[in-house]
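[1] return a 3D structure for these sequence lines:
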Amino acid sequence: MLEKIKSKEVCVGMNSTLRAYKKGDILFIVYAHNISDEMLGVLNKLELEKYQYEGDSEALAIACSKSFNISVLGVKK
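    As a prediction, the model looks like this:
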């Protein structure tokens with residue numbers, strides 16, 4: 001997955017991921033374990049594979065080599 005992140009084949013953030021999902025551009029979604037119940041409810045309505053990251057949004061950001069917290073990211077096709 002790190003290769004996809006470096007090649008910009010991901011959407012970082014809930015809004016970007018949802019926009020790409022509506023266009024049919026997302027393969028699957030990865031979300032931090034500490035996202036809000038509201039965000040999780042929105043994600044659960046999507047007909048797409050979803051994976052919960054073991055760490056929180058800060059740990060997901062570190063894994064993605066980003067300097068800001070990441071709650072949700074979508075991996076593009």
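[2] and residue 73, how many residues sit next to it?
    26 (other Cβ atoms under 10 Å). Bear in mind the C-beta positions are built from the backbone N, C-alpha and C, glycine included.
[3] in contact with it, which residues are there?
    The contact partners of residue 73, by Cβ atoms under 8 Å, 6 or more residues apart in numbering, come to 5, 10, 11, 12, 13, 17, 29, 30, 31, 60, 64.
[4] tell me the one of those nearest residue 23?
    residue 11 (10.1 Å; Cβ to Cβ).
[5] ok, what's across the strand from that closest one?
    residue 74 (DSSP bridges).
[6] wait, it sits on residue 17?
    Yes. Between residue 11 and residue 17 there is a contact under Cβ atoms under 8 Å: 4.5 Å.
[7] so who does residue 68 touch?
    residue 61.
[8] which residues sit against the longest helix anywhere in the chain?
    The single longest helix within the chain, with elements called by DSSP state H, is helix 14-23. Outside helix 14-23, the residues that touch it by Cβ under 8 Å, 6+ apart are 11, 26, 29, 39, 42, 46, 48, 71, 72, 73, 74, 76.
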